[in-house]
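Colleague: Sequence isn't available, so here's the structure alone:
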């Protein structure tokens, strides 16, 4: 279960309150978890059920632009543009760009993978270095 309660038994004085911590450690983003904890007392005829539920939230990541246009660049020269990754949730986000790291690749990113803390952004430098005088396009 994604819920845990370390208190298994104990004593409560008459007319008193006992606060029992319940932990929630979700495993799957965008999932809703539900479980039931029961309270029983020796000699009691019935038991009380506590319904616990929680939703797992994940990172909300976006880019500040959907297109980087490097324009016309002479063969053998290099142009750099910036792109920002924005994590607008409160949880850590991991990112990875799918890039060919071979010698034929004309696009490169200074940090192609990494982690981004919640409520933060990072600016990455994207470099374009054409090998031949043709049009290049990467999605």
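Modeller: Nice, I can see it. Being a predicted model, the structure only gives us computed values, none of them experimental.
Colleague: how about the strands in this structure?
Modeller: Counting by DSSP state E, the segments of the chain that form strands are 3-4, 23-24, 32-39, 48-55, 61-63, 79-87, 93-96, 107-109, 113-116, 120-128.
Colleague: how about those strands, which one is nearest residue 137?
Modeller: Closest approach to residue 137 among the strands of the chain (C-beta to C-beta): strand 107-109, 9.9 Å. No exception for glycine: its C-beta is placed from N, CA and C like everyone else's.
Colleague: The closest one pairs with which strands, and in what direction?
Modeller: Sheet pairing for strand 107-109, assigned by DSSP bridges, gives strand 120-128 (antiparallel).
Colleague: And the partner strand, what's buried?
Modeller: For strand 120-128, burial by neighbour count (16 or more other C-beta atoms under 10 Å) applies to 122, 124, 126, 128.
Colleague: Report the beta-bridge partners for the third one.
Modeller: In this case it means residue 126. Here residue 126 sits in beta bridges with residue 81, residue 109, as judged by DSSP bridges.
Colleague: Tell me the spacing between it and residue 85.
Modeller: 12 Å (C-beta to C-beta, to the nearest Å).
Colleague: What residue, apart from its backbone neighbours, is nearest residue 71 spatially?
Modeller: With sequence-adjacent residues excluded and distances taken as C-beta to C-beta, 6 or more residues apart in numbering, residue 71 is closest to residue 79, at 7.3 Å.
Colleague: Okay then, goodbye and thanks.
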